[in-house]
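Novice: structure, please.
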Amino acid sequence: MDLPEVWKTEYGCGLTFRQLNDSDAENLIAFVRNLSVSARYFRFGQGDYDPGLDESLKVCRLHHDEGLHLVVLTTGDTGEQVVGSARYVIQPDRSSCEFVIVVADKWGHHGVGHRLMNALLECAKSQGLQKMVGRILASNRDMLQFVSGLGFAISDSAEGDWMKIASIDL
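Specialist: This next block holds a predicted model:
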């Protein structure tokens, strides 16, 4: 996959799609802080989640053999802004990975999530991984529908009926 990639939405807004790097820490913090309470709840399990710089730098410094973190950015009056973030972390078995994805509320239904998820799948497969899984709150119906549409199987979690497991063979 050739990154960065630039494209325009159906409304003509320019977006850049690339791998996250160390210089993105502050933008990543701003992205999370600007998510709605419900988006933060669905992604982090708590609506008041607020990442600090140390945590953001840790996320930015994901080494290639640990996984991959991708972002979609737009350029506004204040510079680059993250509008979508997706990553996978390679699991200890070295054959599977766990994904997470979040798109800014106002950027839903503009193709951001699909581009991120398709790139994660492609990159995981190219790394020789055999399975991708994600833990999704059962109340997050939009995400369950989104991953189902991409071919993920949804199953119950051993953690309880409040959590679902999405999985796909690569």
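
Novice: mind checking which helix or strand of this structure has the lowest mean pLDDT?
Specialist: When each helix and strand of the chain is scored by mean pLDDT, DSSP states H and E, helix 53-60 comes last, with a mean of 57.

Novice: next SSE downstream of that helix?
Specialist: With elements assigned by DSSP states H and E, the helix or strand that comes after helix 53-60 is strand 67-76.

Novice: show me what the longest helix seen in the chain is packed up against.
Specialist: Taking DSSP state H as the criterion, the chain has its longest helix at helix 112-126. Using 3 or more Cβ pairs under 8 Å, 6 or more residues apart in numbering; DSSP states H and E, the elements in contact with helix 112-126 are strand 14-19, strand 67-76, strand 79-90, strand 96-103, strand 131-137, helix 141-149. Yep, even glycine has a C-beta here, placed from its N, CA and C like the rest.

Novice: point out where the protein drops to low pLDDT.
Specialist: Low-confidence segments of the chain (pLDDT under 70): 1-2, 46-62.

Novice: how about a cut-off of 90?
Specialist: Within the chain, the ranges that satisfy pLDDT under 90 run 1-17, 20-66, 74-80, 105-111.

Novice: show me what contacts the residue of it positioned farthest from its centre?
Specialist: Relative to the C-alpha centroid of the chain, counting by Cα atoms, centre = their mean, Asp77 is the outermost residue, at 24.5 Å. Contact analysis of Asp77 by Cβ atoms under 8 Å, 6 or more residues apart in numbering lists nothing.
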